[in-house]
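Participant: Show me how the following folds:
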Amino acid sequence: FAPHSFLRKMAALRAFSRVVPRVVGFRAAAPARTLADEVAASEMLLSFTSPTTAYYADAVVHQVNVPGLTGDMGVLANHVPVLTCLAPGVISVFETATEFKNFFVSSGTISVNSDSTVHIIAEEVVPVEDLDVAAARAGLEAATAKLTSADPLEKAEAEINVQVHTAMVKALE
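Facilitator: Residues are numbered from 1 along each chain as shown. You can find the predicted model right below:
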C-alpha cells in the first residue's frame, strides 16, 4: 500500500468529479430533502416481497418498523427518503395504529420514497409465529460450532448464520 499513490488517485477523482458535470452538461442534483414536505401524504403504501411471496402489494399501512444495519427504524407517511440494507430481525407492519404483524427477515433492502411509498425486498421472510425457538437455538449452536473452522468460506457462512440465528432467538424470547 502506497499512501502517496492513494492520495494522488483521490485528488484525481475529486478533479474529475468537478470537470465531468461541466463537460457532459449534467444539471445539478435536486436539493436534498431533509424534512417531510409541507404537503403531507395522508397514507403510506407498502410493497413487501421475498423471492417467493408478496406479503403486501401497495397496501395502505400506518407504520413499518425495520431492522437496519445501522439500527432499527420506524417509518410513517412523509418519512424522509431512505435506501438502506436490512439486518436480520423483525419487521413490524402496523396495518392500523394498533394492529400489527411481525415478520422475521434474514436480510434485504428497504426503499422509502418521497411519495410515501415503501418497498421492502427481503431475501427470506417468515411470519414470527411460524418460527420454532428450539430449532432456532439448535441452528445457533450448529453455526457457533462451525466458527472455529479453518476454511475461510465455511467460517464466513458460520458468522452469517450466527448473526441470523441470534436475531431469530431474540425475536422469539
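Participant: Could you use CA atoms for every contact and neighbour count after this?
Facilitator: Noted.
Participant: helix or strand right after the helix or strand bottoming out on mean pLDDT in the chain?
Facilitator: Least confident element among the helices and strands of the chain, by mean pLDDT, DSSP states H and E: helix 3-24 (a mean of 54). Under the assignment DSSP states H and E, the closest C-terminal helix or strand after helix 3-24 is strand 44-49.
Participant: Which strands and helices lie in contact with that following strand?
Facilitator: strand 54-61, strand 117-122 (3 or more C-alpha pairs under 8 Å, 6 or more residues apart in numbering; DSSP states H and E).
Participant: Return it as PDB; C-alpha atoms alone will do.
Facilitator: This file holds the C-alpha atoms of strand 44-49, laid out as PDB (Å, rounded to 0.1, in the frame of the first residue of the first chain):
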ATOM      1  CA  MET A  44     -48.300   5.200   3.200                       C
ATOM      2  CA  LEU A  45     -48.300   2.400   0.600                       C
ATOM      3  CA  LEU A  46     -46.200  -0.700   1.400                       C
ATOM      4  CA  SER A  47     -44.900  -3.300  -1.000                       C
ATOM      5  CA  PHE A  48     -43.100  -6.100   0.900                       C
ATOM      6  CA  THR A  49     -41.900  -9.200  -1.000                       C
END
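Participant: Neighbouring strands - and their directions - for that strand?
Facilitator: Applying DSSP bridges to the sheet, strand 44-49 is found paired with strand 54-61 (antiparallel), strand 117-122 (parallel).
Participant: any idea how far the closest residue to Glu159 other than its chain neighbours lies from Thr98?
Facilitator: Computed as C-alpha to C-alpha, 6 or more residues apart in numbering, the closest residue to Glu159 that is not its neighbour in sequence is Leu147, at 6.6 Å. Noted for Leu147: a distance of 41 Å to Thr98, by C-alpha to C-alpha, to the nearest Å.
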